[in-house]
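Engineer: quick one, structure for this:
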Amino acid sequence: METEINPKYQSAAAIVEQVLKQVLSVAVPGMSVAALCSYADALVVAHTKSVHRKETAIERGASFPATVSVNAVIQNCSPAASEDSLLCEGDVVKVEVGVHIDGYAASAAHTAVATNHPGAEVADRRADAISAAYYGCEVAARMVRPGQSPRSVVKALGLVAAGFGCTVAEDTFTCQVDRFVLSGANTFANRTNPDAPAPELTFETGEMYTIDCTMSTGSGVARASTLDAAVYQRDVSRQYALKLRTSRALLSEVSRRCSVFPFLLRDVVGASAALRAGVQECVRTQLLVPFAVTVDKSAGAVVAQFKATVMCHYEGPIRITRALPLPAAVRSATVVPASSEIGQILALDCRQAALPELPRLKAPVQAPLNQNQNHQPSAASAMDTC
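Structural biologist: Predicted coordinates:
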């Protein structure tokens, strides 16, 4: 059965697991959000270079830049130094990592609570959001099996959210993935929308999906953050004769340096004012698509996220990325009854694909330093206040 999964998916998933564990281990109060993202990105580069080394010509790296979204932030946060912030005690921290080897991509996300007191119980609304996202992801993963439909998944996610007094966040999706494709034809929104219902189709053997289960204690309605978009993607299906020389230079640099996968704009433009000047026209003509940093518009909302990559197999779903456990200190007052519809889905089998052991890195990636311990001031940002 394992031979039916391309081993490059498994290598990518093993790297995702390792990077998540290392980043989460240092996601504590006083840590810089930007430094965590850079640390994750550096780990991805190092580990992807260490696998399939005989295939020197293949592409490898991040299928999506690492993001660290805190509290009410829903997704896509990889701040520049000028917009950086420090984690505070009790912050809900969502870490998402995506990796590809030769275009075969795996991604996962995990939520933790930043704390200097690991044994301190989290039993407030943060626990509800984290538990809802965790169990929602587990439910959805078990439903990626032949004959099940996206509409059934969306309904189940809604039931999980309601059970914990939460909502499914807007603009979060279950995406069909394929080689060099992160959002295929059968992608659907996880939040119920009567005006745009999930497609009428069923999962088929051999299909691969990423399930992004993001739950909020607020309305789940997304609005754009004050933070600038950092992640962009080249829309290779569009052609346009750009008028500005700076725009042409930027697009040429993106085509030269970046794959079809999303990338960090700052890695391309660097300190070049000329290249940055070309961003507006490239975005306006939709040659470059920004991934907006979004937040829940409800005051005081807490957002949690768990994400998994799952294969639809004729014997049942096979999880490609390994599930990290629900944080031990998180204890919601809500319990999922075994006899409930959701409890019965959770009882279904969801097998884990075997993941390879990663080679030891010749040059370990240095973990970021805690800014509180260094007594260094944080950058000016509305997110800095602890």
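
Engineer: confirm that residue 226 sits in a strand.
Structural biologist: No - under DSSP: H, G, I helix; E, B strand; the rest coil, residue 226 falls outside any strand and is assigned coil.

Engineer: and the residue nearest the centre of the chain, how far is that from residue 31?
Structural biologist: Computing the C-alpha centroid of the chain and ranking residues by Cα atoms, centre = their mean puts residue 96 first, at 3.4 Å. Distance of residue 96 to residue 31, given as Cβ to Cβ, to the nearest Å: 16 Å. The way it works is simple: take the backbone N, C-alpha and C, and place the C-beta from them, glycine included.

Engineer: give the contact list for the residue lying closest to residue 155 once chain neighbours are set aside.
Structural biologist: Spatial nearest neighbour of residue 155, chain neighbours left out: residue 192 (7.5 Å); criterion: Cβ to Cβ, 6 or more residues apart in numbering. Contact analysis of residue 192 by Cβ atoms under 8 Å, 6 or more residues apart in numbering lists 154-155, 158, 168.

Engineer: quick one: which of the residues you listed is nearest residue 363?
Structural biologist: Checking those against residue 363 with Cβ to Cβ, the nearest one is residue 168 at 41.8 Å.

Engineer: what is the neighbour count of the closest one?
Structural biologist: 23 (other Cβ atoms under 10 Å).

Engineer: so the nearest residue to it once chain neighbours are set aside, which state does it fall into?
Structural biologist: Closest residue in space to residue 168, ignoring its immediate chain neighbours: residue 191 at 4.2 Å, by Cβ to Cβ, 6+ apart. Look at residue 191: counting by three-state DSSP, its state is coil.

Engineer: tell me how far residue 191 lies from residue 169.
Structural biologist: Using Cβ to Cβ, residue 191 is found at 7 Å from residue 169.

Engineer: more neighbours: the two, which one.
Structural biologist: residue 169 (30 against 22).

Engineer: on that earlier part again, thought the residue nearest to residue 168 was touching residue 174?
Structural biologist: No - the pair residue 191 / residue 174 is not scored as a contact, 10.9 Å apart, by Cβ atoms under 8 Å.

Engineer: just give the nearest non-adjacent residue to residue 236, would you?
Structural biologist: residue 260 (5.9 Å).

Engineer: give the contact list for residue 139.
Structural biologist: Going by Cβ under 8 Å, 6+ apart, residue 139 touches 156-157, 160, 342, 345-346.

Engineer: in a strand, that's where it is, yeah?
Structural biologist: No - counting by three-state DSSP, residue 139 falls outside a strand, being helix.

Engineer: show me the helices in the protein, by range?
Structural biologist: 7-25, 33-50, 125-143, 150-163, 245-257, 265-269, 273-277, 279-284, 341-346, 371-374 (DSSP state H).

Engineer: helices and strands around the fifth one, which ones?
Structural biologist: Here helix 245-257 is seen to pack against strand 231-234, helix 265-269, helix 273-277, helix 279-284, strand 288-291 when contacts are counted using 3 or more Cβ pairs under 8 Å, 6 or more residues apart in numbering; DSSP states H and E.

Engineer: tabulate these (TSV), appending mean neighbour count and mean pLDDT.
Structural biologist: As requested, the helices and strands packed on helix 245-257 are exported to TSV (neighbours: other Cβ atoms under 10 Å; pLDDT from 0 to 100):
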stretch	mean neighbour count	mean pLDDT
strand 231-234	20	98
helix 265-269	18	96
helix 273-277	14	95
helix 279-284	17	97
strand 288-291	19	98
